[in-house]
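mind looking at a prediction? Sequence and model below.
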Amino acid sequence: MNLEALRRPSLVRRLVILAAGWSLAVLLVSALVLALLFQQAALRRFDQGLTELIDNLLAGATVGDRGEVIAPALTDLRALRAYSGKYWQIGEPAGQGRIRVLVRSRSLWDSELPTPAKVVETMAAQPGKPAPYDIRGPLGEPLRAMASQARLPGRAAPVVFVAAEDRTPVNRDIRNFIAATAIAFILLGVGLIAAVVLQVRVGLRPLFALRREVASVRRGQAERLQRTYPSELLPLADELNALMAHNQEVVERQRTHVGNLAHALKTPLSVIVTEAAQRPGPLSEVVSRQAETMRQQVDHHLRRARAAARSQGSGERTAVADVLDELARTLDRIHRDKGVAIDWDAPDDLWFQGERQDLLEIAGNAMENACKWCKGRVRVRAAASGPTTLRLLIEDDGKGLPPNRRDEVVRRGARLDEDAPGSGLGLSIIDELARAYGGALTLGDTTMGGLAVELTLPRADA
């Protein structure tokens, strides 16, 4: 697909982008919310364990005879092993947002758990309510801590209980969950995009079918739209059928007018020619000659009008090989005395996008002209030259045509040899008929020594 095709508006691309964009946005938000909920749930469970440890400390702590705080004997072995990742301490407020440690777990060894001043203020304002926060441990590991301020019987000053635990396993679980969720949602997103593309393609399949059927009508493979389309496209299909019927009616009306004009003009010309032939003389010769020229001009313009009307018609197609075979056999009989050998070649699946009579006239005039001026050989080659065009090349072994005369002979009525029979309309007819079909005529040299007439014409699919 080229850049120009990407720049053109596309209904499929628009639907896919809108649906895929919305789906991916929903998936992204869902993934973020799910990861956040999992993180909060994991931390909540983690905090619950720390809260239970504080509750155990609070329930088992006592005050000695001298007012010292005596910690309970806990059975958690991790709190007994140095720097194990699970710590606790009991302290008391020391003013200015500081905590003085009274008792600590063996796992802290000679370290202590720092308590931010903001947490100390929160505990003082809400005694008995645990306050969670994050700190760094003795070895620099990330810790999740929980602190709570309470009072013990027999002690006037409040006591602060702090429990902390290494949150590395929780962070790892959160990262693993986020990674697994990301992979799952990416696969889901790819699947949704594929489903959207498939849905759009399947949903718009009738529209693609309508396009193909319209192309078939244009190429002459069908006369009207025949398929049964969904209710959304049925009015469009009916309108297209009505439009094609109207165009066909217009073309037929033009053909009728052209035929009437031909009859109206040819009859008076025939009368003039007949009357002139019955009265021999110089005036009769002038009248006959001019009347014949007028007849040729009328035939020429009527032929051009018919071709223009047919080129806009229903899209009839003609097999090129059949036409060339018929012309070769006809011209072979006409030029039998001259001994012209016509060598032609065309694929069986090559089709001209137009009516048979027009191709007979275009190729016939070119081949007749080559037979007239050749020494004895004429070569005709036809082949596809593009997705919608074909190339027809007619060559002869005659004396050729100088480049400075080629434009001249294509003009209407121009003749290379004034002594040769004909009206000089052959190449002009070919050029104007080819142009009426959107094609072109090119004159050039050939390896055979004569003139090469190259025609570009519309091609229909096989």
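Looks like it arrived, so ask away.

the closest residue to E395 other than its chain neighbours - how many residues pack around it?
Nearest in space to E395, with sequence neighbours left out and distances taken as CB to CB, 6 or more residues apart in numbering, is T446 at 4.0 Å. All C-beta atoms are positioned from the backbone trio N, CA, C, and that covers glycine. For T446, the neighbour count with other CB atoms under 10 Å is 19.

look at the residue sitting furthest away from the middle of the chain and report its pLDDT.
When each C-alpha in the chain is compared with the mean C-alpha position (CA atoms, centre = their mean), D65 comes out farthest, at 87.2 Å. Model confidence at D65, expressed as pLDDT, equals 79.

same thing with R14?
Among the per-residue scores, R14 holds a pLDDT of 84.

give me the neighbour count for it.
Taking other CB under 10 Å as the neighbour definition, R14 ends up with a count of 11.

also L433?
L433 has 26 neighbouring residues, counting by other CB under 10 Å.

over to it: give its phi and psi.
When read as degrees, to the nearest 10, the backbone of L433 gives phi -70, psi -40.

hmm, L360 and it touching each other?
No. Under the contact definition of CB atoms under 8 Å, L433 does not touch L360, with a separation of 10.6 Å.

does L27 sit in a helix or strand, and which one?
helix 11-60 (DSSP states H and E).

how distant is that helix from the center of its chain?
Averaging C-alpha coordinates over helix 11-60 and over its chain gives two centres that are 37 Å apart (CA atoms, centre = their mean, to the nearest Å).

the next helix or strand after it pairs with which strands?
Sequence-wise, the next helix or strand downstream of helix 11-60 (DSSP H and E) is strand 62-63. Strand 62-63 has these partner strands in its sheet, going by DSSP bridges: strand 69-70 (antiparallel).

tell me which helix or strand comes right after the strand it pairs with.
Next along the chain after strand 69-70, taking DSSP H and E as the criterion, comes strand 86-95.

now that next one: buried residues?
Of all the residues in strand 86-95, those buried under the rule 16 or more other CB atoms under 10 Å are 86-91, 93.

cool, and stretch 168-182?
Going through stretch 168-182 with 16+ other CB under 10 Å, the ones that come out buried are 170, 174, 178, 181.

just curious, which of the residues you listed is nearest to K372?
For these, the minimum distance to K372 (CB to CB) is 83.7 Å, reached by T181.

any idea how far the closest one lies from A94?
Applying CB to CB, to the nearest Å, the value for T181 to A94 is 45 Å.

what does stretch 162-174 contact?
Counting contacts by CB atoms under 8 Å, 6 or more residues apart in numbering, the residues outside stretch 162-174 that touch it are 35, 38-39, 42-43, 46, 49-51, 53-54, 57, 85-91, 99, 113, 115, 134-135, 137, 141-147.

quote the end-to-end distance of that stretch.
Stretch 162-174 has its terminal residues 25 Å apart, counting by CA to CA, to the nearest Å.

what is the rounded mean pLDDT of it?
92.

can you give the distance of that stretch from its chain's centre?
The gap between where stretch 162-174 is centred and where its chain is centred comes out at 51 Å by CA atoms, centre = their mean.

and stretch 231-248, by the same measure?
26 Å.

please renumber the chain so that the first residue is 47 from this point on.
Done: numbering now begins at 47, and the last item shifts to stretch 277-294.

give the buried residues for it.
Neighbour-count burial for stretch 277-294, with 16+ other CB under 10 Å as criterion, is recorded at 279, 283, 286, 290.

can you check stretch 199-216 too?
Going by neighbour count (16+ other CB under 10 Å), the buried part of stretch 199-216 is 201, 205-213, 216.

distance between the ends of that stretch?
In terms of CA to CA, the two terminal residues of stretch 199-216 are separated by 36 Å.

contact partners for L198?
By CB under 8 Å, 6+ apart, the contact list for L198 reads 107-109, 115, 205.

Throw the residues you listed into a markdown table and include distance to Q172, thanks.
Listed next are the contacts of L198 as a markdown table, based on distance: CB to CB, whole Å:
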| residue | distance to Q172 |
| --- | --- |
| A107 | 20 |
| T108 | 24 |
| V109 | 23 |
| V115 | 21 |
| V205 | 15 |
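
so, low pLDDT: which residues of the stretch 47-196 of the chain?
Segments of the stretch 47-196 of the chain classed as low confidence (criterion: pLDDT under 70) are 47-54, 121.

domain map for the chain?
Under the assignment automatic domain parsing, the domains of the chain span 55-249, 280-357, 364-506.

so which of the ones you listed is nearest A255?
For A255, the closest of these is domain 280-357, at 10.0 Å, according to CB to CB.

check the average confidence over the closest one, would you?
Per-residue pLDDT values across domain 280-357 average out to 73.

distance between that domain and the chain's centre?
Once both centres are worked out by CA atoms, centre = their mean, domain 280-357 turns out to sit 47 Å from its chain's centre.

what's the answer for stretch 188-197, then?
Averaged over its C-alpha atoms, stretch 188-197 has a centre that lies 61 Å from its chain's centre (CA atoms, centre = their mean).

so how far is R190 from T488?
T488 sits 86 Å away from R190, taking CB to CB as the criterion.

quick one, which of these two is more surrounded?
In this view T488 and R190 are compared by other CB under 10 Å, and R190 has more residues nearby, 21 against 15.

which stretches in the stretch 347-496 of the chain count as helices?
For the stretch 347-496 of the chain, the helices identified by DSSP state H, counting those that start in this stretch occupy 366-380, 402-419, 449-456, 472-482, in order along the chain.

select, out of those helices, the one closest to P504.
Of all the helices of the stretch 347-496 of the chain, helix 472-482 comes closest under CB to CB, at 9.7 Å.

what's the angle from the closest one to helix 449-456?
Helix 472-482 and helix 449-456 meet at an angle of 70 degrees, taking axes from the mean of the first three to the mean of the last three CA atoms, to 10 degrees as the criterion.

and helix 472-482, what does it pack onto?
helix 328-357, helix 402-419, helix 449-456, strand 486-491, strand 497-506 (3 or more CB pairs under 8 Å, 6 or more residues apart in numbering; DSSP states H and E).

which of the residues in it are buried?
472-480, 482.

same deal with stretch 310-329?
Within stretch 310-329, the residues that qualify as buried by neighbour count (16+ other CB under 10 Å) are 311, 318-319, 322.

hmm, who's touching the helix or strand encompassing R190?
Assigning secondary structure by DSSP H and E places R190 in strand 188-196. Around strand 188-196, the neighbours that count as contacts under CB under 8 Å, 6+ apart are 89, 92-93, 96-97, 99-100, 104, 131, 133, 139, 159, 161, 165, 169-170, 173-183, 204-214, 216-217.

helix or strand right after that strand?
strand 205-212.

on that earlier part again, does the residue farthest from the centre of the chain sit in a helix, a strand or a coil?
With DSSP: H, G, I helix; E, B strand; the rest coil as the basis, D111 sits in coil.

quick one: end-to-end distance for stretch 183-202.
End-to-end distance (CA to CA), stretch 183-202: 31 Å.

cool, stretch 443-450 as well?
End-to-end distance of stretch 443-450 (CA to CA): 19 Å.
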